[in-house]
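> how does the following fold in three dimensions:
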Amino acid sequence: MSLDEKFVSVRTAFYDIVGNFFKGIAGFFGYPLNPGMPTMSDIPSDQYARSRFLDSLPTHRTSWPPVQRPETWFEMIFGPTPKVEVVPRYIYESKEEGFYNFYIENYKNIYFLPDWLSEFIQVKLHICLDLTVLETIREVFFVGLMVYSQIVILRIALSWFIYINPYTVPWCYIAAAVDWTEDVLQGIVPAILGVNITGSVFLGILGIVADSLNHLVFTMPFLPSEGEETKLLLNEQMKNVLVFHYLPVLWYRYPIPNDIRQFWYNERPDILEYMEKAYQNLDIQFLPDEIVSQLNKEQLTSSVPILDMLPTELLSKNDFIDTNIVLTKLHSLGEYLTTFLVQ
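The predicted structure follows:
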């Protein structure tokens, strides 16, 4: 008989004593008749299905530090510069859906601008199709965060070298750029074993903000809420995507930007023809403003002789005035005035 087998009875007795002790304590609270804390109410089936769907989506993964693929001599010596790894937009055209459709792969960690902010950028700032300005702002902001994170790392490293006074030139500039974060976080983030970790916490916050820029998607000329969830076969794999297609809702609520309409009229008449045919029942102006103004002037000029026709013909008949001619001209004049006022 082994030593473990000799103590089996002792072990069992100890387990029974401890179990009876806890059962006795639980007996004060109604055990075993007390079922415990109330269970959570049933989650609605639609919300449960939605949460399961979001959990099943893949994650848009980014890499930091970036993959070492130097393209210039500078990058070969000092390493590649940080670049935003955006979610790609796949633009497509079709006869049914139009010319400004695109789709993106649906991820669980992608972000969009609020509808009101996207509408403000498109309507007030006139940034609709050309997203170069927004992409540049995001790139500059991302690189700025990466550069500032390196300054924070350098400041943390300086604090460990006691023979370097961080408040002397040139180190004082680094301290001035970073030490304000300690004033903000000092009362929130506690020290661990006497070590100040505010710099490390702030560095993590910078990383989260910078990484979120990789997952930010611009949906112009559509609003983010116009995306439709569906599935497409991509690279022989069925994937969940968000599709933005047909007519953007802002082009119905507000006039289409005139530069876009000029582009259609001068360089892409096929787009103009499609828009006028597909959305002819909507009160939308697809022609450029100058073309519409020119057509209105030509229509007004061509209708002026109708007004001059009545007195000219009446004066030419000095000897006799036919009442039928007078009534006919007055009727034509009334029809013209009615049409002109309605326009």
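> now do the buried residues in the longest helix along the chain.
As assigned by DSSP state H, the longest helix anywhere in the chain is helix 132-159. Residues 134, 138, 142, 145-146, 148-149, 152, 155-156 are the ones in helix 132-159 that count as buried (16 or more other CB atoms under 10 Å). All C-beta atoms are positioned from the backbone trio N, CA, C, and that covers glycine.
> what sits up against stretch 85-100?
60, 62-63, 101-105, 107, 110, 129, 135, 214-217, 221, 245-248, 268, 271, 274-275, 278 (CB atoms under 8 Å, 6 or more residues apart in numbering).
> that stretch: how far from the chain's middle?
Computed by CA atoms, centre = their mean, to the nearest Å, the chain-centroid distance of stretch 85-100 equals 15 Å.
> any idea of the mean pLDDT in it?
Averaged across stretch 85-100, the pLDDT comes to 89.
> just the C-alphas of it, formatted as CSV.
Extracted in CSV, the C-alpha atoms of stretch 85-100 (Å, rounded to 0.1, in the frame of the first residue of the first chain):
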residue,chain,number,x,y,z
GLU,A,85,-3.1,50.3,-43.1
VAL,A,86,-6.6,51.2,-44.2
VAL,A,87,-9.5,49.0,-45.0
PRO,A,88,-9.6,48.9,-48.8
ARG,A,89,-12.6,50.2,-50.7
TYR,A,90,-13.5,48.2,-53.9
ILE,A,91,-15.3,50.5,-56.4
TYR,A,92,-17.4,49.0,-59.1
GLU,A,93,-19.9,50.1,-61.8
SER,A,94,-23.1,48.4,-63.1
LYS,A,95,-26.1,49.3,-65.2
GLU,A,96,-28.5,48.6,-62.4
GLU,A,97,-26.7,50.3,-59.5
GLY,A,98,-24.8,53.1,-61.1
PHE,A,99,-21.3,54.4,-61.2
TYR,A,100,-20.4,55.3,-57.6
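> contacts only, for the residue nearest to the spatial centre of the chain.
For the chain, the residue nearest the mean C-alpha position is Phe112 (2.8 Å; CA atoms, centre = their mean). For Phe112, the contact set (CB under 8 Å, 6+ apart) comprises 118, 216-217, 219, 224.
> Val241 and Pro224, how far apart?
For Val241, the distance to Pro224 (CB to CB, to the nearest Å) stands at 15 Å.
> let me know the secondary structure of the residue nearest to Glu75 when sequence neighbours are not counted.
The spatial neighbour of Glu75 that comes closest, neighbours along the chain excluded (CB to CB, 6 or more residues apart in numbering), is Thr81 at 6.8 Å. Secondary structure, DSSP: H, G, I helix; E, B strand; the rest coil: Thr81 is coil.
> do you know how far Gly187 is from Leu131?
Distance from Gly187 to Leu131, by CB to CB: 41 Å.
> got the domain ranges for the protein?
1-38, 73-224, 303-342 (automatic domain parsing).
> out of those, which gets the lowest mean score?
domain 303-342 - the lowest mean pLDDT of the domains of the chain, at a mean of 49.
> could you pull out the strands for the stretch 51-200 of the chain?
Using DSSP state E, counting those that start in this stretch, the strands found in the stretch 51-200 of the chain span residues 90-94, 98-105, 111-112.
> deepest of those, which one?
strand 98-105 (a mean of 18; mean count of other CB atoms under 10 Å).
> right, and Asn196 touches Glu182 too?
Yes. The pair Asn196 / Glu182 is scored as a contact, 7.2 Å apart, by CB atoms under 8 Å.
> so which residues of the stretch 201-343 of the chain form helices?
All helices of the stretch 201-343 of the chain, identified by DSSP state H, counting those that start in this stretch, fall at 250-253, 258-266, 269-278, 289-302, 304-316, 323-342.
> would you mark the buried spots in the shortest one?
Translated: helix 250-253. 250-251.
> which other helices and strands contact it?
helix 115-123 (3 or more CB pairs under 8 Å, 6 or more residues apart in numbering; DSSP states H and E).
> show me how far the helix it packs on is from its chain's centre.
The answer for helix 115-123 is 10 Å, by CA atoms, centre = their mean.
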